[in-house]
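> Sequence first, then the predicted structure, then my questions.
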Protein chains: 2
Amino acid sequence: MTARIIDGKVIAAELRARVAEEVARVKGEHQVTPGLAVVLVGNDAASEVYVRSKHTQTQAAAMASFEHKLPADVAQADLLALIAKLNRDPAVHGILVQLPLPKSLHTETIINAIDPAKDVDGLHPNNAGRLAGGFAALSPCTPLGCIILTKSVHASLEGMNAIVIGRSNLVGRPLVQLLLNENATVTIAHSRSKDLPQLCAGADLVYAAVGKPEMVRADWIKPGATVIDVGINRLPLADGKTRLVGDVAFKEVAEVAGAITPVPGGVGQMTVACLLVNTLRAACAIHGLPKPAV
Amino acid sequence: MTARIIDGKVIAAELRARVAEEVARVKGEHQVTPGLAVVLVGNDAASEVYVRSKHTQTQAAAMASFEHKLPADVAQADLLALIAKLNRDPAVHGILVQLPLPKSLHTETIINAIDPAKDVDGLHPNNAGRLAGGFAALSPCTPLGCIILTKSVHASLEGMNAIVIGRSNLVGRPLVQLLLNENATVTIAHSRSKDLPQLCAGADLVYAAVGKPEMVRADWIKPGATVIDVGINRLPLADGKTRLVGDVAFKEVAEVAGAITPVPGGVGQMTVACLLVNTLRAACAIHGLPKPAV
């Protein structure tokens, strides 16, 4: 068997197109332009690339994009003052503070200062709590992307057995909640779990989010299962260059699985598109409009 | 094999005794008397019994106990005003609003009005979010009781396979988080799960919290597993009386399991004792004291 490849690039592009349509509709019908503010502290190169991509994609969807660049040595009080201003700004519906922050800043305090209604990264405890309680919430973008990719294969996840390997706050834990909301049966495994291959053997859906290159092997996977690879690991090559690989041994697992996401070109493509979805949803909720059709 | 019976009555009494010791220490060393305020709206008979038991046990631990009884037709604004007053009251470290509330009141609004630092029922989204994020949080009392009962059998739950049947906000979902914090591998199953017996077959720890009388059968259970029964169901008898049973078919499962909680006399015994634990912990946190030894 050779797995169907789940093309994150195509699915993300479709999602962005649907967001753009809904943005046009909301603008036309309600005179609301969803706006995303991104706050970048310091000069981390990877963060700068990522923030630029957010900016471009936000504008491409005809949403308002606001960028705030602060020096690495910004005082915490000044950053908090900026967040307070963005919380009050009616043109801003989504606030994203790019992580990681410099060590001089207390990440938890910063995240907690964001108005939960504008917390499009889904990191505020209030959103995590609402999600954990099964209530409507802004949920973190990467897990949201995982669900959308899965549903490109399976219209309904009800009653399917899912395993999530990795229990981070950004991916594993919120992903469990989203899968529960889809009525899947969910197992959450992690570094202290015993006999991972055995735990995976019964899973219809496998999510790998551990940051261990090619850890998940073909003989762990039930034939026909759907495998979603959240890992992005950079392996050094003999010639001094590097190669990007996921947490799944793609080539061999693709021989067993029914569907699989590649790395790159899978989950990573979805994150910014889901950020646009969250910003659109936040704008509609803040203005008391019905939930958008995306 | 005949299972060891996990005696909730004995374990809860030990826990209350340890709370009382810590209360005496905190009073002596820091002149802080932990105080619990219980708010009861209306005249539900079962709630009145439960509130009386809380009052007695709080006083037995030499903590301060405050009772507020409001009529069933109290205005929501008046209840919110009382909660605001209790939030400000330095003698009150724990606030519990007895549920269910009359339908005229919006439960979510009431719960969200409680200062998360005093939310000893662990129901505020902020606490649920902190728990879901793996941070220190006040967690709901029944799941906390389940963990304490399990640890009376197993000193460490690390790497054990646990299954939680039922995904309620009060029990199933927070129990998953507490088990993850203990480094167990956790599966969460529910009404839409397929082949529950098969899902249970690999579990070292089985938690039943679904509200279906004697649903969990002997042939679901791995020999030697620990079975914690959260269900409390009232079965009618031929003579017009009723019999209390759990979600586990106790008699037959006790022949297979290694350890099991009875109903009554198991989990139900732990809830108020854990409420005292939460009130003590909240008092220490509010006063900036180290976490108590219970």
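Thanks, I have it.
> Going by C-alpha atoms from here, please, whenever you check contacts or count neighbours.
OK.
> Assign residue A:187 to one of the three secondary structure states.
Of the three states, residue A:187 takes strand according to DSSP: H, G, I helix; E, B strand; the rest coil.
> Run a quick neighbour tally on the residue lying closest to residue A:218 once chain neighbours are set aside.
Leaving aside its sequence neighbours, residue A:218 sits nearest to residue A:253 (C-alpha to C-alpha, 6 or more residues apart in numbering or on different chains; 4.3 Å). The local packing of residue A:253 (other C-alpha atoms under 10 Å in any protein chain shown) involves 25 other residues.
> I'd say residue A:253 and residue A:222 touch.
No. Checked against C-alpha atoms under 8 Å, the pair residue A:253 and residue A:222 is beyond contact range at 9.9 Å.
> and the residue in the stretch 51-200 of chain A that chain B sits nearest to, what helix or strand is that in?
Taking C-alpha to the nearest C-alpha as the measure, the point where the stretch 51-200 of chain A comes nearest chain B is residue A:129, at 3.4 Å. In this structure, residue A:129 sits in helix A:125-132 according to DSSP states H and E.
> list the helices and strands that helix packs on?
Helices and strands touching helix A:125-132, as assessed by 3 or more C-alpha pairs under 8 Å, 6 or more residues apart in numbering or on different chains; DSSP states H and E, comprise helix A:172-181, helix B:125-132.
> which one of those helices has the lowest average pLDDT?
Comparing these by mean pLDDT, the weakest confidence falls on helix B:125-132, with a mean of 88.
> immediately after that one, which helix or strand?
Sequence-wise, the next helix or strand downstream of helix B:125-132 (DSSP H and E) is helix B:141-151.
> Check which helices and strands whichever strand or helix holds residue A:50 is in contact with.
Counting by DSSP H and E, the element that carries residue A:50 is helix A:45-60. Helix A:45-60 sits against strand A:35-41, strand A:64-70, helix A:270-286, with contacts defined as 3+ C-alpha pairs under 8 Å, 6+ apart.
> Now do it, average pLDDT.
Taken as a whole, helix A:45-60 carries a mean pLDDT of 93.
> how about the helices and strands packed on helix A:125-132, which one is nearest residue B:209?
helix A:172-181 (15.9 Å; C-alpha to C-alpha).
> Contact residues of chain A facing chain B?
Neighbours of chain B within chain A, by C-alpha under 8 Å from any C-alpha of the partner chain: A:124-130, A:132-134, A:158-161, A:169, A:173, A:183-190, A:192-194.
> Give me the buried entries from those.
Burial by neighbour count, 16 or more other C-alpha atoms under 10 Å in any protein chain shown: within the residues of chain A next to chain B this picks out A:124-130, A:132-134, A:158-161, A:173, A:183-190, A:193-194.
> buried stuff in the helix holding residue A:50?
By neighbour count, and taking 16+ other C-alpha under 10 Å as the criterion, the buried residues in helix A:45-60 are A:47-48, A:51, A:54-55, A:57-58.
> from those, which is closest to residue B:146?
Here the nearest of the buried residues of helix A:45-60 to residue B:146, counting by C-alpha to C-alpha, is residue A:47; it sits at 43.1 Å.
> Pull the contacting residues for that closest one.
By C-alpha atoms under 8 Å, 6 or more residues apart in numbering or on different chains, the residues touching residue A:47 are A:40, A:98-99.
> need the helices and strands packed on helix A:45-60 in CSV with mean pLDDT and mean neighbour count, can you?
As requested, the helices and strands packed on helix A:45-60 are arranged in CSV below (pLDDT from 0 to 100; neighbours: other C-alpha atoms under 10 Å in any protein chain shown):
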stretch, mean pLDDT, mean neighbour count
strand A:35-41, 97, 23
strand A:64-70, 96, 15
helix A:270-286, 97, 25
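> Residue A:239 is nearest to which of the ones you listed?
Closest to residue A:239 of those, according to C-alpha to C-alpha: helix A:270-286, at 30.8 Å.
> picking up where we left off before, dump the helices and strands packed on helix A:45-60 to JSON lines, plus distance to residue B:68.
Conversion of these to JSON lines gives the following (distance: least, C-alpha to C-alpha, whole Å):
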{"stretch": "strand A:35-41", "distance to residue B:68": "45"}
{"stretch": "strand A:64-70", "distance to residue B:68": "49"}
{"stretch": "helix A:270-286", "distance to residue B:68": "36"}
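> Tell me, how many residues neighbour residue A:141?
Burial of residue A:141, expressed as a neighbour count using other C-alpha under 10 Å, amounts to 25.
> hang on, isn't it packed against residue A:276?
No. Look at residue A:141 against residue A:276 with C-alpha under 8 Å: they stay out of range, at 9.3 Å.
> how about the strands in the stretch 151-294 of chain A?
Using DSSP state E, counting those that start in this stretch, the strands of the stretch 151-294 of chain A run over A:161-165, A:185-189, A:205-208, A:226-229, A:233-236, A:242-245, A:259-260.
> Highest mean neighbour count across those strands, which stretch is it?
Taking mean count of other C-alpha atoms under 10 Å in any protein chain shown as the contact definition, the stretch among these with the greatest mean neighbour count is strand A:226-229, which reaches a mean of 29.
> Okay, now the sheet partners of it, with direction.
In the sheet, strand A:226-229 lines up against strand A:205-208 (parallel), strand A:259-260 (parallel) (DSSP bridges).
> buried ones in stretch A:209-229?
Buried residues in stretch A:209-229, counting neighbours by 16+ other C-alpha under 10 Å, are found at A:209-211, A:213-214, A:216-218, A:220-229.
> can you list contacts of the helix or strand of chain A with the lowest mean pLDDT?
The element with the least model confidence among the helices and strands of chain A, by mean pLDDT, DSSP states H and E, is helix A:125-132, at a mean of 88. Outside helix A:125-132, the residues within contact range by C-alpha under 8 Å, 6+ apart are A:112, A:116, A:119, A:122, A:136-139, A:174, A:177-178, B:124-130, B:132-133, B:169, B:173.
> And the buried residues of helix A:45-60, which is closest to residue B:272?
Within the set of those, residue A:47 lies nearest residue B:272; the separation is 48.5 Å, counting by C-alpha to C-alpha.
> what pLDDT does the spatially most central residue of chain A get?
Taking C-alpha atoms, centre = their mean as the criterion, residue A:142 is the residue nearest the geometric centre of chain A, at 1.5 Å. Among the per-residue scores, residue A:142 shows a pLDDT of 96.
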